[in-house]
Every structure is written in C-alpha cells, then in structure tokens.
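**Student:** whatever this is, show me its structure:
(2 chains)
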Number of protein chains: 2
Amino acid sequence: MANRNLSNVYPEPVERLIDEFTRLPGIGRKSAERMAFHVLKNNETDALRLSSAVLDVKQNVRCCSICYNLTAEDPCPICDSEPRDATKIMVVEQAKDLISLEQTGVYKGVYHVLTGRIDPLGGVEPDDLTIRQLFDRIEHPERNCRGITVQEVILGLNPDMEGDSTGLFLAEELARRGIVVTRLARGIPAGSHLEFASKAVLADAIEGRQSMNH
Amino acid sequence: MANRNLSNVYPEPVERLIDEFTRLPGIGRKSAERMAFHVLKNNETDALRLSSAVLDVKQNVRCCSICYNLTAEDPCPICDSEPRDATKIMVVEQAKDLISLEQTGVYKGVYHVLTGRIDPLGGVEPDDLTIRQLFDRIEHPERNCRGITVQEVILGLNPDMEGDSTGLFLAEELARRGIVVTRLARGIPAGSHLEFASKAVLADAIEGRQSMNH
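**Tutor:** Predicted structure coming up:
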C-alpha cells in the first residue's frame, strides 16, 4: 500500500464512492473501502435505500420554527404536544443533547436548541445562534409553543468553559426579562466512584450539596 | 441511553439514515449518528454526491467477463492492455487482493479473480467460484485476454487453510491440463524480526530457502 500513485486501480465509480465515504466523520480509507465493497456486494435495493435515505434526510428534515429541534413536521412533535409544559424551556446546545435528555423520560417541559454555544475565539457570537429567537419566545408568548407564556428557563448546556460562559450570558439576559433561570445540577455522576472523581467534580458536589431533611 | 424504547425521538428520515448507515460494516449506532448529523449539517450538493455515488457503483461497476475483476468497462483495462503478458494468469481470491498486488508494480501478467475460495464447511464448492471460467480461458485461448494461450498460472491465494486447499485443488486440475503452476513465495516478511516470527512462518522460510549463488 506504500505507493499511493498506483492506488487508483479501482474502477472510477468505486473510487468515487470510497472518496465520498471518506468525507464522513471517523471514516478512514480502509473503512471506506470496506463500506464500498459492502455496497457493491449487496443487492441494488439496499443501495437504493441508502442512497434515498441520504437525500430524504436533506429534503424532509428541517428545524422546528419554535425550538430549532430537528423535525419532519413544523412545529415539532414536542412543541406541539398538549401534555408538555410550555412554561418551562430547557436550553440545549444541540439536537443531540435534547435526544439524550428525552431518553431519561424525566423532563416534561419544552426545549430550545441554540445550535451551538458562544465561543468568541472560535468566531461564534450570540447572533450566530438562536438566542434572539429564544428571547422572542419569552417576550412574545404567541411565538412560544401553543401561545403559552414562559416562566422558567433551565440551562442544559455542557459543563465546560464555553457552555458556562454561554450560560452566564443567557442567565443575565433572561433575569432582566423576569424569568426564573435554573441550570442542571452538577455533582458526582451516578454509578461512579468518589476516588476516581476529578477535583472539579468533587468541588461542584460539595458546593451544590443537597438537603436530606424532609 | 439506557432506555432504547425512548430512543426513537429523531425525525423519521434521520432514524432511517442512521439505520442504513448501521448496516454498513464496522459502523455502530454512535458512528452512524455522527455520520447522519454530518450529512444533515452539510449542504445538499454533498448529500447528492454521496447518494449518487452509491447508485453509480451499483449501476456502472460489473465484473470483467474474462478475469472477474471489478471494472467499469468490459473487458477490464488489465485484460485489454497490450503490454501485459496474458500467457501468465495470477489467481486471486478477491478483487481487493488484485489491487494489493497491482500496487507493487512488479507483476506484468493478467489475473483471474475466483470471487472466494473453496470452503466445504462454509458451503462454498468449486462451482460457486469462477474456477470453471478459469479452465475455459486455458482450454479455449479465444476466451483468454486478446486470444493468447495461457502457459503459467500463479496461485496468489491467502496462506491459510482454505487458501491452501483451494490451491491444491487448482494445482492438480491445472497440471492435468499441462499448465505450469507456481505459487507466491512464503517466508519471513520483509521488515520483520526473526524473533517475533511464528513457527509456521519460519518453517516456510527454511523449507523454501532461496539460493544465493549466481
């Protein structure tokens, strides 16, 4: 495999498919070859299904116009769901975070996907995110899910520097608009061992200690 | 992520694309999600290119009718190439093996891809491979590349049990047809260390020792 100049001996369509697979995240040349050979070996129906799934996802998936979650309908099923408490908005960075939170089955409010986090060094300013649209939902209840007035915003951002600074920015702006702002609890993760917890995790756990008196 | 019942919260087209990616070899759920999000994030032209590369490979790549290598034209560029010595056929198990051999730039003959190896336990009999077609090329020179008569067959099979038994079967049948049969040399791999070589490798190297007298 040393000589890359001689490597282009696959037929052109195979090379092209390998190239396209290589563009996907986490896929190197060897994996892409294996995937291309799999497509070659399988029947045409399978290839057609993969091919059209790629196109469909671009053509039929959009952002919810209220919460910016990925959705096939607009508004998304969460914003549109009668039993969900639209007075509470959980702010998350990405649609993936929303999925993880939904999988717990614990949260019954609605969401707002920022589509990123403030990162001045990386060139991401508040206006590059959906922060303006979050404030709109709060200031104009008719733009929130089912016209309901927002009372609480829960910050569900990642517990790192950019997540924290985005959270501080939002907390200040939201408090000025008379909204209750909370954030997800920090502490020792369930199922872990204290002896392996980092200093930052233990410091959070001590500062945020929770009452056991009922 | 514990509760799989709640996991289907992605819009249907996204779930479908994730499913399709998961069918590819070596792609688990997490990688498939990352790939699907990559497609979602990228522009539509990229998705179109990937989608049509998948279809093209099925529609425009076939097996060469002489050597069963993958090809966009028939006969393939190797069978059709004037400078290649069509009196020598290297027999390989798969098109991928052919590619590896071609990358050395050393071999100037033509190929025959068996599309597998004999494996009675796995249910692969000689008739499931292109062995009949190999004999045809030998018995009927007009069916070999550019109508040239075959003189030598080089067995380029994998050095394991199935490869060896496939090789023995072919060697016997080919010898009966008056063909010179050779196989790729076995021994210590270039760049390795004797101390780490397995017993089988060293035994091959001793038995197949090569003369240094010129």
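
**Student:** when you work out contacts or count neighbours from here on, use the C-alpha atoms and nothing else.
**Tutor:** OK.

**Student:** ok, which stretches of chain A are strands?
**Tutor:** Assigned by DSSP state E, the strands in chain A fall at A:62-63, A:70-71, A:85-92, A:109-113, A:152-155, A:180-183.

**Student:** what pLDDT, on average, does the fourth one get?
**Tutor:** Averaged over strand A:109-113, pLDDT sits at 96.

**Student:** also stretch A:172-189?
**Tutor:** The average pLDDT within stretch A:172-189 is 91.

**Student:** just to revisit the earlier point, how about the strands of chain A, which one is nearest chain B?
**Tutor:** Proximity to chain B (Cα to the nearest Cα) singles out strand A:70-71 among the strands of chain A, at 5.2 Å.

**Student:** do the closest one and chain B meet?
**Tutor:** Yes: applying Cα under 8 Å from any Cα of the partner chain, one finds strand A:70-71 touching chain B at A:70-71.

**Student:** what residues are up against A:Leu155?
**Tutor:** Contact analysis of A:Leu155 by Cα atoms under 8 Å, 6 or more residues apart in numbering or on different chains lists A:90-92, A:167, A:181-184.

**Student:** let me see the domain layout of chain A.
**Tutor:** By the assignment in automatic domain parsing, chain A contains the domains A:4-60, A:81-183, A:186-214.

**Student:** can you list the buried residues in the shortest one?
**Tutor:** For domain A:186-214, the buried set under the neighbour-count rule, 16 or more other Cα atoms under 10 Å in any protein chain shown, comprises A:186-188, A:202, A:205.

**Student:** need the contact list for the residue nearest in space to the middle of chain A.
**Tutor:** Centroid check for chain A by Cα atoms, centre = their mean gives A:Gln94 as the closest residue, at 2.0 Å. Residues in contact with A:Gln94 (Cα under 8 Å, 6+ apart) are A:113-116.

**Student:** and A:Met35, by the same measure?
**Tutor:** Applying Cα under 8 Å, 6+ apart, we find A:Met35 in contact with A:18, A:21, B:24-25.

**Student:** again, 6 Å this time
**Tutor:** Counting by Cα atoms under 6 Å, 6 or more residues apart in numbering or on different chains, A:Met35 makes contact with B:24-25.

**Student:** do the same with A:Gly28
**Tutor:** Here A:Gly28 is in contact with A:Thr22 (Cα under 6 Å, 6+ apart).

**Student:** check the one 5 residues further on too.
**Tutor:** If a contact means Cα under 6 Å, 6+ apart, then A:Glu33 has A:Ile18 as its contacts.

**Student:** make it 10 Å
**Tutor:** A:Glu33 makes contact with A:14-15, A:17-19, A:21-22, A:27, A:39, B:96, according to Cα atoms under 10 Å, 6 or more residues apart in numbering or on different chains.

**Student:** can you tell me how far the one residue in chain A that gets nearest to chain B sits from B:Ala53?
**Tutor:** As assessed by Cα to the nearest Cα, chain B sits closest to A:Ser51 within chain A, at 4.2 Å. According to Cα to Cα, to the nearest Å, A:Ser51 stands 8 Å off from B:Ala53.

**Student:** need the overlap of contacts for those two.
**Tutor:** Common neighbours of A:Ser51 and B:Ala53, using Cα under 10 Å, 6+ apart, are B:Ala47.

**Student:** residues near the nearest residue to A:Glu125 once chain neighbours are set aside, how many?
**Tutor:** Leaving out its chain neighbours, the residue that sits closest to A:Glu125 by Cα to Cα, 6 or more residues apart in numbering or on different chains is A:Ile118, at 5.5 Å. Using other Cα atoms under 10 Å in any protein chain shown, A:Ile118 has 24 neighbouring residues.

**Student:** next one: A:Thr149
**Tutor:** 18.

**Student:** quick one: contacts for the residue nearest to A:Glu125?
**Tutor:** A:93, A:124-129, A:131, A:161-167, A:169.

**Student:** which of those residues count as buried?
**Tutor:** If we count by 16+ other Cα under 10 Å, those have these buried: A:93, A:126, A:129, A:131, A:162-167.

**Student:** filter those down to the ones near chain B?
**Tutor:** By Cα under 10 Å from any Cα of the partner chain, no member of these lies near chain B.
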